[in-house]
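Trainee: missing the sequence, but the structure's below:
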């Protein structure tokens, strides 16, 4: 997932010397189409300043005078640069050309994963490890200094903000969440009170959240064996899951995909042990 | 602080949390204004991928960013190892601000840094200054 070892294409919409500016409507159409496909676009003109070049492959689009493409190359040979005249081309055609360039340069393809992952506000985080011990999917870990960090954001379950619900300081954000403070909005005292209540999920649910799942599962198994009523057991499990989903704002599909109770127990113990170890150092 | 402040626009491509009409209006105004600017599809995706381009975007001094909540933007950049300069960054929040307001601020040559620093908590109603009609 990291781009440390892979390059991304940077598109430059060039409207400086040696080229004709695009009509504003064409500029907007091209920009929109490229952004929707996940590309970064720089609009460079005769004035103003944009971000400097780096090792990204550059695809420079413009309406070049008489269709003559500038002859430019990176002296260091590190950056792949190509110029393309787009006079008379619509946004769809421009996007197709850019996509072909991306494939040719083996640059990263965007949009294959919805970027849903926790972002820690270290101004608020107290390194209490609640998130590490809560998450069953190994999203969190600690660095060499035993500081909490997000280590495996790919493991995060899309649309699940449950770990932010257990954070007593409202320090965990999901920028694409619908409401504050989880979306990054300013934290209010009311939010903090609510988070303090939520951190004690065990009190709210009458026991540890995972223990509750295990207990329910055991009860369901027991009932199933006595009554041979699989529908009833299923309904009981669903009722339990709905309650959990509502309390933690956890998507049902995440709860339904939880592993077997024994595996949940193993993962919970593993996460708790990691948190304890980090706190002990 | 005055120009040259750079402009960065985030399209929040992979979610529907920024009102479509706001982000479209902001992008359209930027395209019509003739200013140079950088646009990215989704800052969240770049942060998750530790995209080195975030470092490129933070290098080079003052910057105005049209995206979402300042607290989220600050830590998205930080998570990717590209912390934003506190005194050189102004965030415009397209989730809650009107497009006209965002565009006016983006094109204003003056920079109004507003990146949160420290453990900011919203003031209670009692702490807010009393305003008179």
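Mentor: Structure's in. What do you need? Keep in mind that this is a model prediction, so the values were computed, not measured. Residues are numbered from 1 along each chain as shown, chains lettered A, B, ... in the order given.

Trainee: What residues does the closest residue to chain B within the stretch 101-250 of chain A make contact with?
Mentor: Nearest residue of the stretch 101-250 of chain A to chain B: residue A:184, at 2.7 Å (CB to the nearest CB). Backbone N, C-alpha and C define where each C-beta goes, glycine included. Listed by CB atoms under 8 Å, 6 or more residues apart in numbering or on different chains, the contact set of residue A:184 reads A:119, A:173, A:175, B:68-73, B:75.

Trainee: With residue A:135 instead?
Mentor: A:163, A:271.

Trainee: Show me the shaky parts of chain B.
Mentor: B:1-3, B:120-133 (pLDDT under 70).

Trainee: Strands along that one, start to end?
Mentor: Here chain B has its strands, by DSSP state E, at B:6-10, B:37-40, B:63-67, B:89-93.

Trainee: Show me the two of the contacts of residue A:184 that sit farthest apart.
Mentor: The two members of the contacts of residue A:184 with the most space between them (CB to CB) are A:119 and B:70, at 12.7 Å.

Trainee: tell me which element residue A:10 falls in.
Mentor: strand A:9-14 (DSSP states H and E).

Trainee: That strand pairs with which strands, and in what direction?
Mentor: In the sheet, strand A:9-14 lines up against strand A:40-44 (parallel), strand A:57-64 (parallel) (DSSP bridges).

Trainee: Between these, which one is closest to residue A:84.
Mentor: Residue A:84 lies closest to strand A:57-64 among the strands paired with strand A:9-14, at 5.3 Å (CB to CB).

Trainee: what comes into contact with the closest one?
Mentor: A:7-15, A:18-22, A:30, A:70, A:79-87, A:94, A:98, A:101, A:105, A:107.

Trainee: Now a ChimeraX select for only the buried ones of these.
Mentor: Listed next is the ChimeraX selection for buried residues among the contacts of strand A:57-64, using 16 or more other CB atoms under 10 Å in any protein chain shown:
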select /A:7,8,9,10,11,12,13,14,15,19,21,22,30,79,80,82,83,84,85,86,94,98,101,105,107
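
Trainee: Which ones among the contacts of strand A:57-64 map onto strands?
Mentor: Short answer: these in strands (DSSP E) are A:9-14, A:19-20, A:81-85.

Trainee: Let's have these in CSV, adding pLDDT.
Mentor: Putting the ones in strands among the contacts of strand A:57-64 into CSV (pLDDT from 0 to 100) gives the following:
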residue, pLDDT
A:9, 89
A:10, 91
A:11, 95
A:12, 95
A:13, 96
A:14, 94
A:19, 94
A:20, 94
A:81, 88
A:82, 92
A:83, 94
A:84, 96
A:85, 96
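
Trainee: In TSV: the residues you listed, plus distance to residue B:4.
Mentor: As requested, the ones in strands among the contacts of strand A:57-64 are exported to TSV (distance: CB to CB, whole Å):
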residue	distance to residue B:4
A:9	26
A:10	20
A:11	22
A:12	18
A:13	19
A:14	19
A:19	22
A:20	24
A:81	24
A:82	28
A:83	25
A:84	28
A:85	29
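
Trainee: Tell me the one of those nearest chain B?
Mentor: For the ones in strands among the contacts of strand A:57-64, the nearest to chain B is residue A:10 (7.0 Å; CB to the nearest CB).

Trainee: my read: the closest one touches residue A:43, true?
Mentor: No. Residue A:10 lies out of contact with residue A:43 (CB atoms under 8 Å); the separation is 12.0 Å.

Trainee: The residue of the stretch 1-150 of chain A found nearest chain B is in what secondary structure piece?
Mentor: Proximity of the stretch 1-150 of chain A to chain B (CB to the nearest CB) peaks at residue A:48, 3.1 Å away. Using DSSP H and E, residue A:48 sits in no helix or strand.

Trainee: Next, the contact list for it, please.
Mentor: By CB under 8 Å, 6+ apart, residue A:48 lies in contact with B:4, B:6-7, B:35-37.

Trainee: Quickly list what the closest residue to residue B:30 other than its chain neighbours is bridged to.
Mentor: Spatial nearest neighbour of residue B:30, chain neighbours left out: residue B:37 (5.6 Å); criterion: CB to CB, 6 or more residues apart in numbering or on different chains. Counting by DSSP bridges, residue B:37 forms beta bridges with residue A:43.

Trainee: For residue B:37, which residues are in contact?
Mentor: A:42-43, A:48, A:50, B:6-9, B:30.

Trainee: Turn these into TSV, columns for distance to residue B:116.
Mentor: Output for these, formatted as TSV (distance: CB to CB, whole Å):
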residue	distance to residue B:116
A:42	28
A:43	29
A:48	28
A:50	26
B:6	21
B:7	21
B:8	18
B:9	21
B:30	25
